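Visitor: next come a sequence and a model predicted from it.
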Amino acid sequence: MPGGGFCKLPGGSVVVALSLPSPAVEGATVRVLVHAANRPRALTRLRNLGLRAVYLRGNLHPPTPDEITAVLHHPDGLLWRTTPGHAQELWHPIRALLHPERHDRPRTAPELP
């Protein structure tokens, strides 16, 4: 599902959905969702994270109602998952895509002296 799209919400904000090449896996594609005040701000949020060549051309693949619900309920308002989307795969926070090595290791409690 190449491309992307947007959906304007009743409150005036937008949800932008983009299909982008994965920065972590060669040849893979990810679907990224961004909730922001407007379209330019959504793209700026992605560019500030290091995804420089991000553009929204057209509205061929707008976010689905399930995608809108997912991004609205996430505190950061920025999610991703691989495409084509598998119903079993959950949405991931954007930091897991940009810094996978930090999220692969198991979390353990610090040792006390």
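Guide: All right, it came through fine.

Visitor: mind checking the longest helix of this structure?
Guide: As assigned by DSSP state H, the longest helix anywhere in the chain is helix 39-48.

Visitor: ok, residues contacting the helix or strand following it?
Guide: Next along the chain after helix 39-48, taking DSSP states H and E as the criterion, comes helix 65-72. With contact meaning C-beta atoms under 8 Å, 6 or more residues apart in numbering, helix 65-72 is reached by 7, 9, 15, 17, 31, 33-35, 63, 77-79, 91. (C-beta placed from N, C-alpha, C; glycine too.)

Visitor: which elements pack onto the helix or strand following helix 65-72?
Guide: Note on helix 65-72: by DSSP H and E, the next helix or strand toward the C-terminus is strand 78-83. Helices and strands touching strand 78-83, by 3 or more C-beta pairs under 8 Å, 6 or more residues apart in numbering; DSSP states H and E, are strand 29-36, helix 65-72, strand 92-93, helix 94-98.

Visitor: and these, which is most packed in?
Guide: Counting by mean count of other C-beta atoms under 10 Å, strand 29-36 has the highest mean neighbour count of those, with a mean of 22.

Visitor: what pairs with the residue nearest to G77 when sequence neighbours are not counted across the strands?
Guide: Nearest residue to G77 in three dimensions, chain neighbours excluded: H35, at 3.6 Å (C-beta to C-beta, 6 or more residues apart in numbering). Judged by DSSP bridges, the bridge partners of H35 are V15.

Visitor: quick check, pLDDT for H35.
Guide: Looking at H35, its pLDDT reads 94.

Visitor: for it, what are its contacts?
Guide: S13, V14, V15, A42, V71, L72, H74, G77, L78.

Visitor: can you pull the contacts of the nearest residue to the first one once chain neighbours are set aside?
Guide: Spelled out, it's S13. Counting by C-beta to C-beta, 6+ apart, S13 lies nearest to A37, which is 5.5 Å off, once chain neighbours are set aside. By C-beta under 8 Å, 6+ apart, the contact set of A37 is G12, S13, V14.
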